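Undergrad: next input, structure requested:
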Amino acid sequence: MRELITVIYLLKVLINKVRSIFGYIMFFLLVSSSLFSQSTFNSFLKPSDSLNISRRNTVVITEATLATATLVGLNQLWYADYERSSFKTLNDSGEWLQMDKMGHVFSSYQLGRLGSNTLNWAGVSEKDQLIYGSTLGFGFLTAVEVLDGFSEEWGFSWTDMAANATGTGLYVGQQLLWQEQRIVLKYSFHRTRFAKQRPNKLGNGLSEEFLKDYNGQTYWLSANINSFLKTETIPNWLNVAFGYGAEGMLTGEANDPLFLNQNRRRQFYLSLDVDLTRIKTNSQFLKTIFDVFNVIKVPFPTLELNDNGRVNWHSVYF
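TA: Predicted coordinates:
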């Protein structure tokens with residue numbers, strides 16, 4: 001579980017940084033569009049048809065630097081608040097109704113997809129994309145898990161490792177089987193009343209709750225319909241999505257003596273979705289934007305079934 005919390009912490013920092021520099025980025029893009037032609041910009045973003053050594057080196061050096069800096073920073077700034085110990089393991093498989101494990105699957109899958117896509121941009125072979133790119137998430141999260149193992153507060157979790165392997169396997173398996181991602185792992189969030197009951201654990205404010213409140217998180221397997229049915233009557237970007245979430249959780253364990261009446265329950269969802277990467281456009285800039293935002297499930301009417309046997313209908317579900 002610790003890996004997910006550390007990744008969440010880093011995402012929170014990145015969000016705050018993005019807020020402060022977003023205006024500069026937009027200004028840069030506007031200036032760039034006036035200085036460079038659209039064709040030049042598209043040419044830069046377009047994946048190379050063959051190995052581009054300068055791009056490959058840029059990708060490798062950047063990813064290695066960011067990963068190293070992140071791990072060193074976590075070790076010096078985050079883990080320094082807790083006592084060190086000899087290496088130990090823990091069993092946290094029953095916590096948070098496995099929502100934290102879904103976070104591990106999601107993080108490993110998306111980091112692996114990022115690693116593979118950046119190498120594809122550099123013209124690296126498909127084989128090397130799978131070997132060195134798609135395993136980026138698994139490798140990084142494994143390193144964080146090892147740091148957990150030497151922390152008195154936490155411990156090395158084999159179930160977290162299994163979740164990390166599942167996320168990587170979901171990406172690699174589809175590439176080997178279909179040479180495409182027919183089933184995409186996505187995320188959605190809505191605010192809940194539970195964060196206000198325990199803001200120090202579940203987040204205080206939208207930016208924290210988005211990352212820390214498991215009650216409002218839903219993880220989706222979004223499957224492209226046309227990839228399986230091979231029909232022209234359905235838009236190529238239309239997906240059917242199967243979601244998993246949980247609610248009523250104030251602590252990881254159900255039998256916490258301080259929070260006995262949590263009314264914890266699992267939730268299963270059926271909805272539609274849009275695969276933004278399958279929307280046709282000649283703009284490499286738009287393709288890049290669509291690829292980035294394709295991690296988020298598009299809101300649609302949704303059918304919910306919880307483990308109490310109750311069926312709910314949401315006209316629009318986030």
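
Undergrad: helices of the chain, residue ranges please.
TA: Counting by DSSP state H, the chain has helices at residues 2-35, 38-45, 53-73, 99-121, 126-128, 136-149, 158-178, 194-197, 199-202, 206-212, 225-229, 284-293.

Undergrad: turn those helices into a markdown table, columns for mean neighbour count and mean pLDDT.
TA: For glycine as for every other residue, the C-beta is placed from the backbone atoms N, C-alpha and C. Written out in a markdown table, the entries for those read as follows (neighbours: other CB atoms under 10 Å; pLDDT from 0 to 100):
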| stretch | mean neighbour count | mean pLDDT |
| --- | --- | --- |
| helix 2-35 | 13 | 44 |
| helix 38-45 | 13 | 77 |
| helix 53-73 | 13 | 93 |
| helix 99-121 | 24 | 96 |
| helix 126-128 | 12 | 95 |
| helix 136-149 | 20 | 94 |
| helix 158-178 | 19 | 97 |
| helix 194-197 | 17 | 94 |
| helix 199-202 | 15 | 94 |
| helix 206-212 | 18 | 91 |
| helix 225-229 | 15 | 96 |
| helix 284-293 | 15 | 93 |
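
Undergrad: just tell me which of those ends up closest to residue 91.
TA: Closest approach to residue 91 among the helices of the chain (CB to CB): helix 158-178, 7.1 Å.

Undergrad: which elements pack onto the closest one?
TA: Under the contact criterion of 3 or more CB pairs under 8 Å, 6 or more residues apart in numbering; DSSP states H and E, helix 158-178 touches helix 2-35, helix 99-121, helix 136-149, strand 183-189.

Undergrad: switch the cut-off to 10 Å
TA: With contacts defined as 3 or more CB pairs under 10 Å, 6 or more residues apart in numbering; DSSP states H and E, the packing partners of helix 158-178 are helix 2-35, strand 89-90, helix 99-121, helix 136-149, strand 183-189, helix 225-229.

Undergrad: out of the helices of the chain, nearest to residue 251?
TA: With distances scored as CB to CB, the stretch of those nearest to residue 251 is helix 199-202 (7.5 Å).
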